[in-house]
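Asks: need coordinates for the below:
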Amino acid sequence: MKERSAKFGIGDIVRHKIFPFRGVVFDVDPEFSNTDEWWESIPAEIRPVKDQPFYHLLAENDETEYVAYVSEQNLEQDESGKPLRNPHIQAIFVEEQSGHFKPRANFAH
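Replies: Next up, the predicted model:
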């Protein structure tokens, strides 16, 4: 089995490189772990490879909040410093002074 290292961790604030949304990482899969139907619904010209970490995000854009599943190749650290408004963040995380989010004790693995 190939050893993998995730670029982002639980509580990191990231943004999508192509689409206008950002969010907080709440789980990481070492490689693709969603349905083939979901993967095939992505246009072939922008479809990510499966052999990389994928991140579960409490995401938001200008209109709404939602959960997103995103490949590592499509994410980068969000340095905007803007507050996040996804209501589920406060249920799962505590915001530290550094701006990073730490899982609440009752949600830690």
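Asks: going by C-alpha atoms from here, please, whenever you check contacts or count neighbours.
Replies: OK.
Asks: please, which helix or strand holds the residue nearest in space to the middle of the chain?
Replies: In the chain, the C-alpha nearest the mean C-alpha coordinate belongs to L57, at 3.3 Å (CA atoms, centre = their mean). Under the criterion of DSSP states H and E, L57 resides in strand 54-60.
Asks: ok, residues contacting that strand?
Replies: The contact list for strand 54-60 (CA atoms under 8 Å, 6 or more residues apart in numbering) reads 21-33, 65-72, 84-86, 88-89.
Asks: from those, keep the buried residues only.
Replies: Among these, those classed as buried by 16 or more other CA atoms under 10 Å are 21-26, 28, 30-32, 65, 67-72, 84, 86, 89.
Asks: filter those down to the ones in helices?
Replies: With helices defined by DSSP state H, the entries of the buried ones among the contacts of strand 54-60 inside them are I89.
Asks: which members of the buried ones among the contacts of strand 54-60 are positioned in strands?
Replies: Among the buried ones among the contacts of strand 54-60, the members falling in strands are 22-26, 28, 65, 67-71 (criterion: DSSP state E).
Asks: out of these, flag the one nearest to S98.
Replies: S98 lies nearest to V24 out of those, by CA to CA, at 14.2 Å.
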